[in-house]
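K.L.:
my questions are about this predicted structure, shown below with the sequence.
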Amino acid sequence: MFWRCLFGAMAMLVACLILGVLRRSRINARQFILVCLGGVALILNWVLLFSAYKHSSIAIATVVYHVQPFMLVGLGVLFFAERLSAAKVGWLLLAFAGLMLIVSAKGSGQATGADYVLGVCLALASAFFYAVAAAITKRLKDLPAHLIVLIQMVVGVVVLAPFVDFGRVDTVEGAWTYLIIIGVVHTGLMSTLLYSAIQKIPTALVGALSFIYPIVAILVDWVAFAHPLSTLQVLGASAILLAAAGMNFGWSLGRAPRQEAN
């Protein structure tokens, strides 16, 4: 994670200099504190999610992780005085039921017992911190996404530096190439695109589009790592994805969505 943040910060610094972001942008103390808090939340999100992969599987951890739109709704109710409708409560309950199916199941070739439950709990904690980071970013519409990512990557470097084994990288063949790609593409570029989207489009649409990711992750987990899902896990994952779609698209439980008049 340290190297991801370091190379991501370097890439974003170059991008900010080329685009003139540092020269044009002004950030006050309140905004700076919020960006830093968002950075801490983002780093915790990454650390917990990758830890979850080790204890369950990529598919299960990713599906559980994608209860984060529901957590965003909860944060909206608690801190932004948003109303929670009966339909949304119903979808939240369906998602929780799906999560319980996943927790109770034990897929073929996967971790079992306490280790499996630990993986699910780590994924849930990761989802919470992502929701916090997304909520903070939503409040920082006046700041360029490039600048937010740069500051948060620097925060990640500072936070993670004490835990780095600097000699370990050289023991893995091609490690530097992979780390640079992850830092520049999967951290700098991806985070900038994501933050730009969060700032510009409704949170519900961000949540709806985010569910493309777990579907791809499940397919990759099955094809690349031979982690087939059990029946209960398939049912649980389906319930979570259905609940997410229903909540984000405003479906009413027990009724088909209304068709708009031509």
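P.N.:
It's in.
K.L.:
in the stretch 101-250 of the chain, where is pLDDT below threshold?
P.N.:
103, 105-112, 203-205, 207-209, 211-212, 214-215, 217-218 (pLDDT under 70).
K.L.:
mind listing the helices for it?
P.N.:
Remark: helices assigned in the stretch 101-250 of the chain by DSSP state H, counting those that start in this stretch are 113-138, 145-160, 175-181, 190-200, 203-210, 212-225, 231-249.
K.L.:
which one of those lies closest to residue 39?
P.N.:
helix 145-160 (3.3 Å; CB to CB). Any C-beta I mention is one placed from the backbone N, CA and C, and that applies to glycine too.
K.L.:
so which residue is dead centre in the protein?
P.N.:
The centroid of the chain falls nearest to residue 130 when counting by CA atoms, centre = their mean (4.9 Å).
K.L.:
excluding chain neighbours, give the residue nearest to that one in space.
P.N.:
Spatially, and ignoring its direct neighbours in sequence, residue 130 is nearest to residue 45 (4.4 Å; CB to CB, 6 or more residues apart in numbering).
K.L.:
helix or strand: which one has that neighbour?
P.N.:
helix 29-55 (DSSP states H and E).
K.L.:
now do that helix: distance to the chain's middle.
P.N.:
10 Å (CA atoms, centre = their mean, to the nearest Å).
K.L.:
buried residues in that helix, which are they?
P.N.:
For helix 29-55, a neighbour-count test (16 or more other CB atoms under 10 Å) marks 31, 34-36, 38-49, 51-53, 55 as buried.
K.L.:
how many residues are close by residue 113?
P.N.:
8 (other CB atoms under 10 Å).
K.L.:
for it, give its distance to residue 58.
P.N.:
From residue 113 across to residue 58, the span is 19 Å (CB to CB, to the nearest Å).
K.L.:
now swap in residue 43 and tell me
P.N.:
Taking CB to CB, one finds residue 43 at 20 Å from residue 58.
K.L.:
you'd agree residue 169 is up against residue 179?
P.N.:
Yes - with contact defined as CB atoms under 8 Å, residue 169 reaches residue 179; the gap is 7.1 Å.
K.L.:
the two: which is more packed in?
P.N.:
Neighbour totals were compared for residue 169 and residue 179, and residue 179 leads with 17 against 14 (other CB under 10 Å).
K.L.:
residues contacting the more buried one?
P.N.:
Going by CB atoms under 8 Å, 6 or more residues apart in numbering, residue 179 touches 3, 4, 7, 169.
K.L.:
one more: residue 1?
P.N.:
Here residue 1 is in contact with 43, 46, 47, 50, 156, 160 (criterion: CB under 8 Å, 6+ apart).
K.L.:
looking at it, residue 120 is touching residue 101, isn't it?
P.N.:
No - using CB under 8 Å as the test, residue 120 is too far from residue 101 to be in contact (11.2 Å).
K.L.:
follow-up on the earlier one: now the residue nearest to the centre of the chain: how far from residue 232?
P.N.:
For residue 130 relative to residue 232 (CB to CB), the value is 25 Å.
K.L.:
looking at the helices of the stretch 101-250 of the chain, which is buried most?
P.N.:
helix 145-160 (a mean of 23; mean count of other CB atoms under 10 Å).
K.L.:
okay if I get the contacts of residue 179 as a markdown table plus secondary structure?
P.N.:
Shown next, in a markdown table, are the contacts of residue 179 (DSSP: H, G, I helix; E, B strand; the rest coil):
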| residue | secondary structure |
| --- | --- |
| 3 | helix |
| 4 | helix |
| 7 | helix |
| 169 | helix |
